[in-house]
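A.B. asks: no sequence on hand, only this structure:
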């Protein structure tokens, strides 16, 4: 599948044109069809005002992989998908003002099958995600005592 709903096609909100929709806001919306699970081992956020920014890696604590709530639809040539986002939870808030919706395994069937999966599209409780700095950006002072 291709990532992002293609420009020129109608998005779930009814808009047309513009860049591919790779992240889609979930608040206040119902998704009667096209729900999917997007397997992942991690996701990334970036902080800093200038390039290169500091890169942060987020994983589900104690798990090798997890799934992200997503939507899919048939595309022209290839099916396409997008990831759902929500307001940030406590693990993400210091790094970004939005976050993808990671799902725990016990929420997968609810997301895929329930007519109204109320409560699934939310941040996980504090401490559910492990964060690791992957790369320092230009806005950070170098660690002079780090091993080289």
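C.D. replies: Received the coordinates, thanks. Bear in mind that the values here come from a model prediction, so they are computed numbers and not experimental data.
A.B. asks: wait, isn't residue 110 in contact with residue 120?
C.D. replies: Yes - Residue 110 lies in contact with residue 120 (CB atoms under 8 Å); the separation is 5.4 Å. For the C-beta atoms, the positions are set from N, CA and C on the backbone; glycine is no exception.
A.B. asks: which of these two has more neighbours?
C.D. replies: Ranked by neighbour count (other CB atoms under 10 Å), residue 110 and residue 120 place residue 120 first, with 19 against 15.
A.B. asks: contacting residues around the more buried one?
C.D. replies: 69, 101, 103, 107, 110-111 (CB atoms under 8 Å, 6 or more residues apart in numbering).
A.B. asks: rerun that using 6 Å as the cut-off
C.D. replies: 107, 110-111 (CB atoms under 6 Å, 6 or more residues apart in numbering).
A.B. asks: got the buried residues for stretch 112-126?
C.D. replies: Under the neighbour-count criterion of 16 or more other CB atoms under 10 Å, stretch 112-126 has 117, 120-124 buried.
A.B. asks: list the backbone torsions phi and psi for the residue most central in space within the chain.
C.D. replies: The residue lying closest to the centre of the chain (CA atoms, centre = their mean) is residue 100, at 2.5 Å. In terms of degrees, to the nearest 10, the main-chain angles of residue 100 are phi -70, psi 170.
A.B. asks: that one and residue 88: what is the separation?
C.D. replies: In this view, residue 100 and residue 88 are 10 Å apart by CB to CB, to the nearest Å.
A.B. asks: likewise residue 35?
C.D. replies: According to CB to CB, residue 35 and residue 88 sit 22 Å apart.
A.B. asks: repeat for residue 107
C.D. replies: Shown here: residue 107 relative to residue 88, a distance of 18 Å by CB to CB.
A.B. asks: just checking: what are the partner strands of the lowest-mean-pLDDT helix or strand in the chain?
C.D. replies: Across the helices and strands of the chain, mean pLDDT, DSSP states H and E gives its lowest value to strand 2-3, namely a mean of 82. Strand 2-3 has the following sheet partners, assigned by DSSP bridges: strand 80-86 (parallel).
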